[in-house]
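Asks: sequence and predicted structure are below.
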Amino acid sequence: MNIMQIFSVKKLIPVILGIVIIYSLFGKNPMGYYHVVQKWPSGELKIITEPGLYWKGPLSDVTKFRASGVVTFEDRIENIRKEEKKVIDSINVVFKDNGIGSINGIIRYTLPSIPEKMKLIVRDAQNEDTLQQKILRNYINSVMTIVAASYSSTDSIRERGNFIRDIFDSLQNGMIAYEKRVVDGNIILTPITKSENNISMPVRMPPISDKYGINFNNFTLKKIEYDKQSQSKFDEQRLLEQQRNNAIIMAEKAKQDAITAKAEEEKLYAETKMREEPLRLEARIRAEKDAELARIEAEKEKSVAIITAQKGKEAAQLLLEKSRLEKQSTIEDAEGKRIAAIKEAEGRQALAKADNSLELRLQMKKDTLVGVANALKDIKVPSAIVGSSGSHTSGNPVLDIFMLNQLKELTKE
């Protein structure tokens, strides 16, 4: 290496050292993290919440926190020195019926972006591990213990949703203050209340968010492992519950069977009714048809009777009209013959008067009567004229009437 090369390297060393020193004076805050810078020599804390480069200064201490973290409390198996070992990390609680349970779950949280709150967290916890174990875990343990003491081990199963809700509510808003009593070996917790605007409200202890600004996002309950005594009680209750459910199922099945039987009976009745309905309908139609035919036949007979009566009436009227015409013709014939006889008689009377002989007049009267009688004897008078009932009688009614009239005239003479 020649002198010029050595001189060039010596000139680069200060440049490189300068670059390294300058780079060490800056820090880089990645997305999702907070950096806490403790400046030298003052010890002042600076909170970096925005991602990117920031000035940290010489000899400063930097502590990194995740903006969002997870507190896990569950039993797990870990490989320690090539051996599997169970790590007990769940939270043990005592229920109000003295049952013991181990709660396994996960709680997610978010650190505050307010610098003053973060400075307080750093002063009390120094780093993230201490934050989770010293501050968050202790607070979570207290919440779990208080909430579990207000539930029986059985209720923690039956009312699992309410149990989870009360835990999360206490994490966010603070634990409810209780008055603790022991009655017959059982822990009795009575909530302490206060009145605001005539409304009774539970008294709460300040939540951790009030002091540190930490916000709990959600709580996931994975499982609760109960002690053997509680588990035996659960098994007994589960058996009783199963028997009760079986009884309910059997009763419901019997009810459904009864409903099904009734439905089948109604179906059979409906089917029978449907089969009988056409027969009844056919019988009704047949009866209506027979009645209609009878009515039509009666109407027909009535019409025939009316027509027959009408024809009889018309025939009687025709007969009466015929009799009237015959009567009229007979009367006219008789009248003509009578007039002719009378004229002949009058001629004879006139002749007799001229002769003035009584014998001749009598003979003339006789001849006249005989002539009239001969003229009228052959005239047939219809029974309808004289009112005969159709029986045959001797004599001629016209002739009889004429003879009576002539006798009257002879008497007058």
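Replies: That came in fine, so what should we check first?

Asks: check the secondary structure at the spatially closest residue to residue 51 that is not a sequence neighbour for me.
Replies: Distance criterion CB to CB, 6 or more residues apart in numbering; nearest residue to residue 51, sequence neighbours excluded, is residue 31 at 4.6 Å. Every residue, glycine included, has its C-beta placed from N, CA and C. Put simply, residue 31 is coil when judged by DSSP: H, G, I helix; E, B strand; the rest coil.

Asks: quick check, pLDDT for residue 31.
Replies: pLDDT for residue 31: 92.

Asks: quick check: it touching residue 49?
Replies: No - Residue 31 is beyond contact range of residue 49, at 10.9 Å (criterion: CB atoms under 8 Å).

Asks: the two: who's more crowded?
Replies: The residue with more neighbours, out of residue 31 and residue 49, is residue 49; 18 against 8, by other CB atoms under 10 Å.

Asks: for the more buried one, phi and psi?
Replies: In terms of degrees, to the nearest 10, the main-chain angles of residue 49 are phi -110, psi -20.

Asks: contacts only, for it.
Replies: By CB atoms under 8 Å, 6 or more residues apart in numbering, the residues touching residue 49 are 29, 34, 67, 113, 115, 118.

Asks: how far away is it from residue 138?
Replies: According to CB to CB, to the nearest Å, residue 49 and residue 138 sit 26 Å apart.

Asks: now the buried members of the contacts of residue 49.
Replies: 29, 34, 118 (16 or more other CB atoms under 10 Å).

Asks: just put those residues in JSON lines and tack on distance to residue 192.
Replies: Formatted as JSON lines, the buried ones among the contacts of residue 49 follow (distance: CB to CB, whole Å):
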{"residue": "29", "distance to residue 192": "45"}
{"residue": "34", "distance to residue 192": "37"}
{"residue": "118", "distance to residue 192": "33"}
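
Asks: same question for the helix or strand containing residue 294, mean pLDDT?
Replies: In this structure, residue 294 sits in helix 228-355 according to DSSP states H and E. Mean per-residue pLDDT for helix 228-355: 79.

Asks: packing partners for that helix?
Replies: Counting by 3 or more CB pairs under 8 Å, 6 or more residues apart in numbering; DSSP states H and E, the packing neighbours recorded for helix 228-355 are helix 358-376, helix 383-386.

Asks: looking at those, which has the lowest confidence?
Replies: helix 383-386 (a mean of 46).

Asks: show me where pLDDT drops low in the stretch 101-250 of the chain?
Replies: The stretch 101-250 of the chain contains residues with pLDDT under 70 at 186-187.

Asks: quick one, strands of it?
Replies: Under the criterion DSSP state E, counting those that start in this stretch, the stretch 101-250 of the chain contains strands at 178-183, 186-191, 193-196, 199-202, 215-226.

Asks: tell me the most buried of those strands?
Replies: The highest mean neighbour count among these, using mean count of other CB atoms under 10 Å, belongs to strand 215-226: a mean of 16.

Asks: that one pairs with which strands?
Replies: According to DSSP bridges, strand 215-226 forms sheet pairs with strand 100-110 (antiparallel).

Asks: please save the CA atoms from the partner strand in PDB.
Replies: C-alpha atoms of strand 100-110 as PDB (Å, rounded to 0.1, in the frame of the first residue of the first chain):
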ATOM      1  CA  ILE A 100     -62.700 -22.900  42.500                       C
ATOM      2  CA  GLY A 101     -62.000 -22.200  38.800                       C
ATOM      3  CA  SER A 102     -59.100 -21.400  36.600                       C
ATOM      4  CA  ILE A 103     -59.900 -18.800  33.900                       C
ATOM      5  CA  ASN A 104     -58.100 -19.000  30.600                       C
ATOM      6  CA  GLY A 105     -58.400 -16.100  28.200                       C
ATOM      7  CA  ILE A 106     -56.900 -13.200  26.300                       C
ATOM      8  CA  ILE A 107     -57.400  -9.500  26.800                       C
ATOM      9  CA  ARG A 108     -56.400  -7.000  24.100                       C
ATOM     10  CA  TYR A 109     -55.500  -3.400  25.000                       C
ATOM     11  CA  THR A 110     -54.300  -0.100  23.500                       C
END
